[in-house]
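**Q** Give me a model of this one.
(chains A, B and C)
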Amino acid sequence: MRRGLQPVLEGHRIVHAETRRTDLRVPFPANFARRLKGRRVKRLWRRAKYLLAELDNGETLVVHLGMSGRMSVHIPGARREPGVPRSHTVHGVASSRHDHVIIETDAPAQIVFTDPRRFGLMMLIDTEALGAHPLFAALGPEPLSQKLSAVYLNAVLKGKKTPIKSALLDQRVIAGIGNIYACEALFRARISPKRLAANVRLRSLGALSLSIKAVLREAIAAGGSSLRDHKRVDGNLGDFQHSFAVYGQGGQPCPTCCGGTIRRIRQAGRSTFFCPKCQS
DNA sequence: CGATGCCCCTGAGAGC
DNA sequence: TGCTCTCAGGGGCATC
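**A** The predicted structure is shown next:
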């Protein structure tokens, strides 16, 4: 998403902003749109699952998509997003009842934030205080950075009695891994999701580090995983769901042809998919 | 301190 | 057709 938004946001000025519904998980401040208008985006970056647009007034726009959020880009004069009925348009651009924020930049482009379940958030935080903000202060290292290594995992998981799967979802351990990629990484590393975090051997933690990086790199290159709501910013589906080895594959034979069957279990309220034969 | 369950919300699909 | 139930890329909070 960050890569898709970069060409129409970074270095560009916000010429218009408006909010529709403002009662998301974290409600927008009343003057949210006014504070955005006229600002230039100095840098568009990402930390964990947060998209960050550093503005030219010392504030940073923080975006989280929650479960069902997405961003879409509409270029004036370009073809409509695939599958959008002609009738549902505002300013000549597709609009649904779940479009909560519309931002226009001088790219020129219109950027729409859509979130049916409204678990997402958008807020403005002083750029200087970003690192100390409660959303960011306790986040673990970026999985694609060199900080994620067997040695790091060994240290941070020491004494942790939680299952390794749950530890991977803990954003204080590693920042940015979600349910799909936790399952896929554990499968590739042949580690049981039920194994207690502290009991995973150093050797396996090495395999896990590499698996996490590989899965995330591949998924990003594929445009993400389109299960329900996710689409790329151009409206096209991501492709990584076609490459799942275990996620959503309960009852199917293990892709390694080990003869095992993919099982679905529930851990800490989330579905986990794994091969009991490969991952022990 | 850390683990667990519940909750926020809407929509899709299955089963009856 | 319509009801009820379960499930979904996340994470904050109360409760043990």
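
**Q** Please count neighbours and contacts with C-alpha atoms only from this point.
**A** Will do.

**Q** Return the set of buried residues in stretch A:227-246.
**A** Going by neighbour count (16 or more other C-alpha atoms under 10 Å), the buried part of stretch A:227-246 is A:230-235, A:237-241, A:244-246.

**Q** does residue A:43 belong to a helix or a strand, and which?
**A** Assigned by DSSP states H and E, residue A:43 belongs to strand A:41-47.

**Q** for residue A:71, same thing?
**A** Assessed by DSSP H and E, residue A:71 sits inside strand A:70-74.

**Q** and that strand, what does it pack onto?
**A** Here strand A:70-74 touches strand A:109-114, going by 3 or more C-alpha pairs under 8 Å, 6 or more residues apart in numbering; DSSP states H and E.

**Q** Please see if the strand it packs on touches DNA strand C.
**A** No. Strand A:109-114 does not reach DNA strand C (C-alpha under 7 Å from any atom of the strand); its nearest approach is 12.1 Å.

**Q** mind listing what that strand pairs with, with the direction of each?
**A** strand A:70-74 (antiparallel), strand A:99-105 (antiparallel) (DSSP bridges).

**Q** what about the first one and DNA strand B, any contact?
**A** Looking back up the chat, that one is strand A:70-74. No. Strand A:70-74 lies out of reach of DNA strand B by C-alpha under 7 Å from any atom of the strand, never closer than 13.7 Å.

**Q** what does the stretch 1-150 of chain A put close to DNA strand C?
**A** Contact residues, the stretch 1-150 of chain A versus DNA strand C (C-alpha under 7 Å from any atom of the strand): A:49, A:66, A:67, A:68, A:119, A:135.

**Q** which one of the residues you listed sits closest to residue A:32?
**A** residue A:119 (17.9 Å; C-alpha to C-alpha).

**Q** I figured the closest one hits residue A:25, correct?
**A** Yes. Contact criterion C-alpha atoms under 8 Å: residue A:119 and residue A:25 qualify, at 5.3 Å.

**Q** could I get the strands paired with strand A:109-114 as CSV with mean neighbour count and mean pLDDT?
**A** Below are those laid out as CSV (neighbours: other C-alpha atoms under 10 Å; pLDDT from 0 to 100):
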stretch, mean neighbour count, mean pLDDT
strand A:70-74, 22, 97
strand A:99-105, 21, 97
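
**Q** mind putting the ones you listed in JSON lines, distance to residue A:29 included?
**A** Listed next are the strands paired with strand A:109-114 as JSON lines, based on distance: least, C-alpha to C-alpha, whole Å:
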{"stretch": "strand A:70-74", "distance to residue A:29": "20"}
{"stretch": "strand A:99-105", "distance to residue A:29": "13"}
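
**Q** of those strands, which approaches residue A:196 most closely?
**A** Evaluated with C-alpha to C-alpha, these place strand A:70-74 nearest to residue A:196, the distance being 34.1 Å.

**Q** got the contact list for the closest one?
**A** With C-alpha atoms under 8 Å, 6 or more residues apart in numbering as the test, strand A:70-74 has contacts from A:1, A:5, A:80-81, A:93, A:109-115, A:229-235.

**Q** Likewise for stretch A:135-145?
**A** The contact list for stretch A:135-145 (C-alpha under 8 Å, 6+ apart) reads A:47-48, A:130-131, A:147-148, A:171-177, A:212-213, A:216.

**Q** 7 Å - rerun?
**A** Applying C-alpha atoms under 7 Å, 6 or more residues apart in numbering, the external contacts of stretch A:135-145 come out as A:48, A:130, A:131, A:147, A:148, A:171, A:172, A:173, A:174, A:175, A:213.

**Q** What of stretch A:149-165?
**A** Stretch A:149-165 is contacted by residues A:173, A:182, A:193, A:194, A:195, A:196, A:197, A:198, A:202, A:205, A:206, A:209 when judged by C-alpha under 7 Å, 6+ apart.

**Q** Closest to residue A:254 out of those residues?
**A** Of the contacts of stretch A:149-165, the one sitting nearest to residue A:254 (C-alpha to C-alpha) turns out to be residue A:193, at 15.5 Å.

**Q** How about that closest one, nearest residue that isn't a chain neighbour?
**A** Closest residue in space to residue A:193, ignoring its immediate chain neighbours: residue A:165 at 4.8 Å, by C-alpha to C-alpha, 6 or more residues apart in numbering.

**Q** Now do the phi/psi pair for the one you found.
**A** phi -60, psi -50 (degrees, to the nearest 10).
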